[in-house]
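Engineer: task: produce atomic coordinates for the following.
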Amino acid sequence: MALCVYCNKRAGKRACPALGGVICPSCCGQHRGIEISCPISCKYFKTHESYQRDRLAEEFHALWIEKTEPLYRAGKERLIDLIAWIEMLIYQFYRERALGTDGEVREALEFLQRRFGPVMIVEAGGTALANHLWQGLQEFLKKEALPSEAVSEALEKIVEIFGAYANPAQPRKYLHGMLGHVQRYFTLPDELKESPSLITTPHIVTPES
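Structural biologist: Residues are numbered from 1 along each chain as shown. Predicted coordinates:
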């Protein structure tokens, strides 16, 4: 029996289209979407991804409601809309990508925080995700004239949610929970499925909806 194409120790039992060989279940489970850039058509990746998103969606959404409730009670619905918009942008970015970690999301959010901070820091450029979020934010702000302080508050809330949910021992936990939350509780606009541009702020399903 052929050895695992990743570790070259255990028996390879699953066809791995990303590595062009057979991979052991342990390496497949531990490294897919993190060290291995799986095609989204891979049956093992699709099954695992769907399972994790379904499993964590409700848990993440409950935390999201808890953390955003103070904004709602303070009449800051537009900040909640912005938070949802940014989550939609992250969902859009990873829709056709299998490779990605919570660390990448945190890095992109920190990039945005620096750009919207009290002292704007000029940087050579961010990651692909950071640039995607920056461009999407500019689109949102063309319609919603929010001051930088409000954008910073929304970003701070997203980072707070991230910190409360992410787990270093599970490098994709935040992504799984947040993407599942978007899929289950947002009414996705049709144009999200058809175009790289986001036009409509999503409707968010909450216990009061």
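
Engineer: now do the same contact list for residue 46.
Structural biologist: residue 40 (Cβ atoms under 8 Å, 6 or more residues apart in numbering). (C-beta placed from N, C-alpha, C; glycine too.)

Engineer: in terms of helices and strands, where is it?
Structural biologist: Counting by DSSP states H and E, the element that carries residue 46 is helix 43-73.

Engineer: angle of the next helix or strand after that helix against helix 43-73?
Structural biologist: With elements assigned by DSSP H and E, the helix or strand that comes after helix 43-73 is helix 77-94. Angle of helix 77-94 versus helix 43-73, following axes from the mean of the first three to the mean of the last three Cα atoms, to 10 degrees, is 170 degrees.

Engineer: re earlier: mind listing what's buried in the helix holding residue 46?
Structural biologist: Residues 44-45, 48-49, 52-53, 56-57, 60-61, 63-65, 67-68, 71 are the ones in helix 43-73 that count as buried (16 or more other Cβ atoms under 10 Å).

Engineer: closest one to residue 18 out of the residues you listed, please.
Structural biologist: residue 45 (8.7 Å; Cβ to Cβ).

Engineer: from residue 2, how far off is that closest one?
Structural biologist: Using Cβ to Cβ, to the nearest Å, residue 45 is found at 20 Å from residue 2.

Engineer: do the same with residue 26
Structural biologist: 15 Å.

Engineer: repeat for residue 153
Structural biologist: Relative to residue 2, and taking Cβ to Cβ, residue 153 is found at 54 Å.

Engineer: same check on residue 99?
Structural biologist: Residue 99 sits 24 Å away from residue 2, taking Cβ to Cβ as the criterion.

Engineer: which stretches of the protein form helices?
Structural biologist: 25-31, 43-73, 77-94, 102-115, 128-143, 148-165, 173-185, 190-194 (DSSP state H).

Engineer: which of those helices is buried the deepest?
Structural biologist: Of all the helices of the chain, helix 173-185 carries the top mean neighbour count, a mean of 22, counting by mean count of other Cβ atoms under 10 Å.

Engineer: please put the alpha-carbon coordinates of it into PDB.
Structural biologist: Provided in PDB are the C-alpha atoms of helix 173-185 (Å, rounded to 0.1, in the frame of the first residue of the first chain):
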ATOM      1  CA  LYS A 173     -12.800  27.600  14.400                       C
ATOM      2  CA  TYR A 174     -13.800  31.200  13.900                       C
ATOM      3  CA  LEU A 175     -14.100  30.800  10.100                       C
ATOM      4  CA  HIS A 176     -16.200  27.700  10.500                       C
ATOM      5  CA  GLY A 177     -18.500  29.400  13.000                       C
ATOM      6  CA  MET A 178     -18.800  32.700  11.300                       C
ATOM      7  CA  LEU A 179     -19.300  31.300   7.800                       C
ATOM      8  CA  GLY A 180     -22.000  28.900   9.100                       C
ATOM      9  CA  HIS A 181     -23.600  31.900  10.900                       C
ATOM     10  CA  VAL A 182     -23.700  33.800   7.600                       C
ATOM     11  CA  GLN A 183     -25.100  30.900   5.700                       C
ATOM     12  CA  ARG A 184     -27.800  30.100   8.200                       C
ATOM     13  CA  TYR A 185     -28.900  33.400   9.600                       C
END
